[in-house]
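>>> sequence plus predicted model, see below.
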Amino acid sequence: MFKLSRVARAGAIAAALSAVTSAAVAAPSFAECRRTQAVEFPGTIVDAAIATPALSTLTSLVVAAGLADALSAPGDLTVFAPTDDAFAKIPAGVLGAIGSDPAVLTAVLTYHVVPGAADPRRAVKREVTTLQGQSLLAGFEKGTGASVNQSTVDCTAVRTTNGTVWIIDSVLLPQFR
């Protein structure tokens, strides 16, 4: 067995993260999804997002909202991370409006974060409360795979030093009243 240097290890992990996000988010069977191993990343949630090219829009918005420090702090968070393709599904005017209002941007981003460990591969769908305050419905459904609300979840979890990142194919939007 050989050991990789920290830089080589981080590069290999970044390549694995890239492979996770470049593959189409499919709906595998429950057994397939449960057998999928997590990718271990040696940095924080923010470090993992920065190392993943397909999360560049999310990373930019997290920095713009001033949430990078909170998502880098010690603790245990679960982040449902929409890809750049997920953000591309949102009309440009709507995305611009979200990005231009700090309160709305923070609400949208914190709606993707759950305190503690939340595993959408669970056999039963259940509600989990987000940092934004509203709930998400996360779990596994026969025929549709792992999901959070109506978004498909890639079965590969990315474990970081302060939580877990799940790649999703849609941006989750909270209810605004």
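All right, it came through fine.

>>> for this structure, just list every one of the strands.
With DSSP state E applied, the chain shows strands at 39-40, 77-82, 113-115, 126-129, 135-141, 145-148, 151-160, 163-168, listed in chain order.

>>> neighbouring strands of the first one in the sheet, and parallel or not?
To tie it back to what came earlier, the one meant is strand 39-40. strand 151-160 (parallel) (DSSP bridges).

>>> could you give the angle of the strand it pairs with to strand 163-168?
150 degrees (axes from the mean of the first three to the mean of the last three Cα atoms, to 10 degrees).

>>> now the angle from strand 151-160 to strand 135-141?
Compare the direction of strand 151-160 with that of strand 135-141 by the same axes, to 10 degrees and you get 100 degrees.

>>> which one of the strands of the chain has the lowest average pLDDT?
Note on these: strand 145-148 shows the lowest mean pLDDT, a mean of 82.

>>> who are the packing partners of it?
With contacts taken as 3 or more Cβ pairs under 8 Å, 6 or more residues apart in numbering; DSSP states H and E, strand 145-148 sits against strand 135-141, strand 151-160. Every residue, glycine included, has its C-beta placed from N, CA and C.

>>> tell me the most buried of the ones you listed?
When the helices and strands packed on strand 145-148 are scored by mean count of other Cβ atoms under 10 Å, the highest mean neighbour count falls to strand 151-160 (a mean of 22).

>>> export the strands of the chain to TSV and tack on distance to residue 58?
Below are the strands of the chain laid out as TSV (distance: least, Cβ to Cβ, whole Å):
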stretch	distance to residue 58
strand 39-40	17
strand 77-82	6
strand 113-115	11
strand 126-129	19
strand 135-141	16
strand 145-148	15
strand 151-160	13
strand 163-168	10
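
>>> nearest to residue 59, out of the ones you listed?
With Cβ to Cβ as the measure, strand 77-82 is the member of the strands of the chain nearest residue 59 (9.3 Å).

>>> so what are the sheet partners of the closest one and their directions?
Going by DSSP bridges, the partners of strand 77-82 are strand 113-115 (antiparallel), strand 163-168 (parallel).

>>> number of residues surrounding residue 57?
19 (other Cβ atoms under 10 Å).

>>> try residue 88
Around residue 88 sit 13 other residues, with neighbours defined as other Cβ under 10 Å.

>>> now do the same for it: its pLDDT.
96.

>>> how close does it get to residue 153?
18 Å (Cβ to Cβ, to the nearest Å).

>>> lowest average confidence, helix or strand, in this protein?
None of the helices or strands of the chain scores lower by mean pLDDT, DSSP states H and E than helix 6-22, at a mean of 43.
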